[in-house]
Each structure stands twice: as C-alpha cells, then as structure tokens.
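A.B. asks: From the sequence below, what's the structure:
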Amino acid sequence: MSDSKKPDTASPNTGHPGFQEYQFNPISMEEGKATVMLPYNEKFVGDKTSGSLHGGIITLLMDTAGGMCVMSTLKQIVVIATLDLRMDYLRPTKRGMDITAEVECYEITKNVAFVRGFAYEGEGDDKEAVAHMTAAFMLNTQGPNITDMNRFSAVSSEDK
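C.D. replies: Numbers count the residues shown, from 1 in each chain. This next block holds a predicted model:
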C-alpha cells in the first residue's frame, strides 16, 4: 500500500464495525468529499473465472463512502438513511485490483443530502472507472446504534 493509500486513522469512521468487517479503508474525508478504498479480496469475488468482484460489495462501498461524504458535509457523525441509490456498472473489475470510491455531496437541503461518485481501479493516469453512483440520504433520522457489532454480518478470514 502506497503512502497515499494508507487509511486515515484520524477519521472517526475507522473504528466503525462495517469498515473493519468489510475491510474498507478511509483514505480521505474533507468537507463534502470522501474517498474509501476496498482492498481486493477473493471473498468478494462474484465471477470465479475472471476474478471480478461482486457488484454488491461495490454498492456497499459506494453507499458507505456516500454516508461518510454526507457526514463530512454536516461536520458531525449522525444517523442517516439511504433513500435512493443508483449504481451504473461500467465494466467488470479485474482480478487483484483494489477499488477506490470517490464521492462528493453536491446538494444538501434541510432533510436530504444528494451525492454522486465513481468507483475506480488503479491510480493516477492508470485510474479507470468501474462504476458510477448517485444517491440521496435522509437526514436527522431515528436509527439504531451504528456502533453495535451485532448489526453486521460476519466476515472472517476463515470464509473462503
């Protein structure tokens, strides 16, 4: 992992159970933007012949990055709910390639935040989009304790 891809351990989301269980690495979080990386893992492969990751894990990555982005815009950790999420898959992922989600909050109202972003493979000039996302998040919702470990499915190193 290059220095630019090291997790941001100062981020309040680093200790979130979803980040730990799904191996999401927060890269950066600034007002209105969030970047989160998913290291390639065979457990998340959807097509064993090509090694392409399952779309579900990419959707989860984008939804999580979107939530982080909303919280960076609000400048606080709050309970939010995904109202709408649209994923457009541009091409299959490649075996062994990490995926990086880059998301921005482009509009926020009293009750709803709107985000958009891309999931990429590679870095710099070699960066290639694999999916595009748009989403809307409800603000000020009542919800469960987001740090409750029992809410999340178990992903362990023994799973193959």
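
A.B. asks: secondary structure class for the most centrally placed residue in the chain?
C.D. replies: For the chain, the residue sitting closest to the mean C-alpha position, by Cα atoms, centre = their mean, is residue 61 at 2.7 Å. Classification of residue 61 by DSSP: H, G, I helix; E, B strand; the rest coil places it in helix.

A.B. asks: Enumerate every residue touching it.
C.D. replies: 22, 24, 36, 38, 99, 101, 119 (Cβ atoms under 8 Å, 6 or more residues apart in numbering). C-beta here means a position set from N, CA and C on the backbone, and glycine is covered the same way.

A.B. asks: Assumed residue 104 was part of a helix.
C.D. replies: No: secondary structure assignment (three-state DSSP) places residue 104 in strand, not in a helix.

A.B. asks: Skipping adjacent residues, who's closest to it in space?
C.D. replies: In space, and not counting its chain neighbours, residue 104 is closest to residue 33: 5.1 Å by Cβ to Cβ, 6 or more residues apart in numbering.

A.B. asks: who wins for neighbours among the contacts of residue 61?
C.D. replies: Neighbour tally across those (other Cβ atoms under 10 Å): the maximum, 30 neighbours, falls on residue 36.

A.B. asks: Which strands or helices does the strand or helix carrying that one pack on?
C.D. replies: When elements are assigned from DSSP states H and E, residue 36 belongs to strand 33-38. If contacts are counted by 3 or more Cβ pairs under 8 Å, 6 or more residues apart in numbering; DSSP states H and E, strand 33-38 sits against strand 25-30, helix 55-74, strand 99-108.

A.B. asks: pLDDT (mean, whole number) over that strand?
C.D. replies: Strand 33-38 carries an average pLDDT of 96.

A.B. asks: strands paired with it, and their directions?
C.D. replies: Sheet partners assigned to strand 33-38 using DSSP bridges are listed as strand 25-30 (antiparallel), strand 99-108 (antiparallel).

A.B. asks: Point out where the chain drops to low pLDDT.
C.D. replies: Where the chain drops to pLDDT under 70, the residues are 1-18, 143-160.

A.B. asks: how about a cut-off of 90?
C.D. replies: Residue ranges of the chain with pLDDT under 90: 1-23, 75-79, 122-125, 140-160.

A.B. asks: Farthest from the middle of it: give me that residue.
C.D. replies: residue 49 (25.1 Å).

A.B. asks: How is it classified with respect to secondary structure?
C.D. replies: coil.

A.B. asks: Buried residues, the helix or strand containing residue 114. List them.
C.D. replies: Residue 114 belongs to strand 112-121 when assigned by DSSP H and E. Within strand 112-121, the residues that count as buried by 16 or more other Cβ atoms under 10 Å are 113, 114, 115, 116, 117, 118, 119, 120, 121.
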